[in-house]
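In: Pasted the sequence and its predicted model underneath.
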Amino acid sequence: MKGYLEAMRAYDRALISEKPNNDDTYNIHYNQTRLLLKIYTDYVNVDGYINLLQYVNLDGIDSVETLLVTIDAIIKRFETVVESFPEEVGWDLLFNLLISYSTYVESQTNIPGETLINIVTGFISHFHHIMRLENELLESVDMANLNEQEEEDDVSSYRPDNLAEQSQVDLRTGTGIKTRGAENEDYGLALSTETFDKETVVDTVTLGYKFVYEIMANQLESENTAPGKIINVAQKNYLEELLVKFINQLDDMVVTLKIGQSDVQELVIAKRSIESLKLLYQGDLHMFLDTLGTTDEDSMMSNVELLDMAINTFSTENSWQIRTYLSRTLGKLQTILAERQSNIISGKTKNKDNELSPIVFSLCDVMINRADNELSRCLLKQTELNQLQGQSHPEEDIVKTIELLQQNAKTLLVNAKSIAHRSCGFSEYITDKLKRNYIYGQASIRLDIIESPRTRKIPEDLDDQPSYRALCIP
């Protein structure tokens, strides 16, 4: 954080002392804001919900609060740069602005209809701006490649762009911010431009689909919380028109860019998730579950999020079916992640030591989620048991199921706590270690409640978990 703070001060000094021209001033303001976004996604809002800085002592760093700004403020700073330097605006700034919009929607709940409309219209406007810039750059790149090919004596040495490579932008977590070159690692005045290629355009289109998904998910949550109140009927209809038109435009871009199903998995998952959300809106549980058949790791991670939304969308009569499906999905993910962890530890997977800690975090997160789900299933069975008092045989079966689910939850938490506690070696980054400490704490507080029920108040982190509230002092 001291390095980041010094970088911000260096930018401020450059604006005053070096009397930069428009291009330099634009670059300085952009890099300042990009740095604030990086801090927000890497430390303040990791994976969309973890604030790692709460575990760090920042008392010795003067003015550190200037680095810890909200995502709303970051969006406003980007918007100001766009308005102040319309001729200098580059695709990389616009890409990070779009990420900021998507991050805002993902991190908020029950966004009012008027605010949501402003966000959608702003995102779409900037999206079309960046696509114009990227298409111009793409034409320049294609022309340069064509000229280079014609000048080559050995045509076999020509290698076209390879869209089969997976996108390196993780739009689910926000990782993938355009950092304007490796020079930024020195926290100096990084004024170079980000490398552009055809994959960049694919990343942008993917971000468009992801944004649509986040908006639809937020709308669904608002409908489940207070139908017609957070977003009124007129606003809902207008948003639907905007999104339908935007999705059609995105689909046209996919065709124009000749993006195949196997090219970018993140794009395919985002499109499929939108279709799954549409079925949630329609209340078609059978068709919704049919869309969740893909069993690769990234798809199942997305399915977990969709199933969580389904639990709050359908009636309690469907909860057991949905939670059972969720349990199976989490179990498959646990198996995949445990195997990846084992392969790195055993040396079967080479030169991946720095990936061990992120895998451990994901594995423990899945195990804790699975334990939470088992306790929620237990609560459903307890409700069923209360309704069947006096019927001996059905009661005995339900009691056995409850005991099994409770034991499953406890075992998962014990194992998650143990795994998270183990060192991940010298290759572990400090942010990964903080995440591992966080997930260790999450397993610990849950296990304490299960092992000593009725002895403590519900922790703030678990206040939205009825199954844990039932085990705590009212």
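Out: Right, received. Where do you want to start? Numbers count the residues shown, from 1 in each chain.
In: From now on I want contacts and neighbour counts done on CA atoms only, so please keep to that.
Out: OK.
In: now the helices for the stretch 201-350 of the chain?
Out: Secondary structure of the stretch 201-350 of the chain, counting by DSSP state H, counting those that start in this stretch: helices at 233-257, 265-282, 285-290, 297-313, 319-346.
In: Same list, these, but as a markdown table with mean pLDDT, distance to residue 404 and mean neighbour count please.
Out: Supplementary listing: the helices of the stretch 201-350 of the chain in a markdown table, determined by pLDDT from 0 to 100; distance: least, CA to CA, whole Å; neighbours: other CA atoms under 10 Å:
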| stretch | mean pLDDT | distance to residue 404 | mean neighbour count |
| --- | --- | --- | --- |
| helix 233-257 | 95 | 44 | 14 |
| helix 265-282 | 94 | 31 | 20 |
| helix 285-290 | 96 | 26 | 15 |
| helix 297-313 | 96 | 22 | 18 |
| helix 319-346 | 97 | 14 | 17 |
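In: so which of those comes closest to residue 440?
Out: Residue 440 lies closest to helix 319-346 among those, at 16.5 Å (CA to CA).
In: Remind me what the helix or strand following the closest one packs against, helices and strands.
Out: Per DSSP states H and E, the first helix or strand lying C-terminal to helix 319-346 is helix 356-387. Applying 3 or more CA pairs under 8 Å, 6 or more residues apart in numbering; DSSP states H and E, we find helix 356-387 packed against helix 319-346, helix 392-421, helix 430-451, helix 466-469.
In: if we go to 6 Å?
Out: With contacts defined as 3 or more CA pairs under 6 Å, 6 or more residues apart in numbering; DSSP states H and E, the packing partners of helix 356-387 are helix 392-421.
In: sorry, back to before: out of the helices of the stretch 201-350 of the chain, which is closest to residue 419?
Out: Per CA to CA, nearest to residue 419 of the helices of the stretch 201-350 of the chain: helix 319-346, 10.2 Å.
In: related to what we said a few turns ago, export the helices of the stretch 201-350 of the chain to TSV and tack on distance to residue 25?
Out: Below are the helices of the stretch 201-350 of the chain laid out as TSV (distance: least, CA to CA, whole Å):
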stretch	distance to residue 25
helix 233-257	33
helix 265-282	35
helix 285-290	50
helix 297-313	40
helix 319-346	46
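In: for the ones you listed, which one sits closest to residue 55?
Out: Evaluated over the helices of the stretch 201-350 of the chain, closeness to residue 55 peaks at helix 319-346, with 25.3 Å, by CA to CA.
In: How far away from the center of its chain is that closest one?
Out: Per CA atoms, centre = their mean, to the nearest Å, the displacement of helix 319-346 from the mean C-alpha position of its chain is 19 Å.
In: Helix, strand, or coil at residue 458?
Out: Secondary structure assignment for residue 458 (DSSP: H, G, I helix; E, B strand; the rest coil): coil.
In: Return the residues in contact with it.
Out: For residue 458, the contacting residues are 469, 472, by CA atoms under 6 Å, 6 or more residues apart in numbering.
In: And the pLDDT for it?
Out: Predicted confidence (pLDDT) for residue 458: 86.
In: same thing with residue 439?
Out: With respect to pLDDT, residue 439 scores 96.
In: Next: residue 397.
Out: On the pLDDT scale, residue 397 gets 84.
In: who are the neighbours in contact with it?
Out: By CA under 6 Å, 6+ apart, residue 397 has no neighbours at all.
In: so how far is residue 253 from the nearest residue to residue 273 once chain neighbours are set aside?
Out: Once flanking residues are discounted, residue 273 sits nearest to residue 213: 7.0 Å by CA to CA, 6 or more residues apart in numbering. In this view, residue 213 and residue 253 are 17 Å apart by CA to CA, to the nearest Å.
In: gap between residue 467 and residue 383?
Out: Taking CA to CA, one finds residue 467 at 12 Å from residue 383.
In: Check residue 401 too.
Out: According to CA to CA, residue 401 and residue 383 sit 13 Å apart.
In: Give me the more crowded residue out of these two.
Out: residue 401 (16 against 11; other CA atoms under 10 Å).
In: residue ranges of the helices in the stretch 1-150 of the chain, please?
Out: 2-17, 22-39, 71-84, 91-107, 113-151.
In: any chance of those in a markdown table, plus mean neighbour count, mean pLDDT and distance to residue 347?
Out: Below are the helices of the stretch 1-150 of the chain laid out as a markdown table (neighbours: other CA atoms under 10 Å; pLDDT from 0 to 100; distance: least, CA to CA, whole Å):
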| stretch | mean neighbour count | mean pLDDT | distance to residue 347 |
| --- | --- | --- | --- |
| helix 2-17 | 15 | 85 | 35 |
| helix 22-39 | 21 | 92 | 33 |
| helix 71-84 | 17 | 96 | 40 |
| helix 91-107 | 23 | 95 | 36 |
| helix 113-151 | 15 | 84 | 41 |
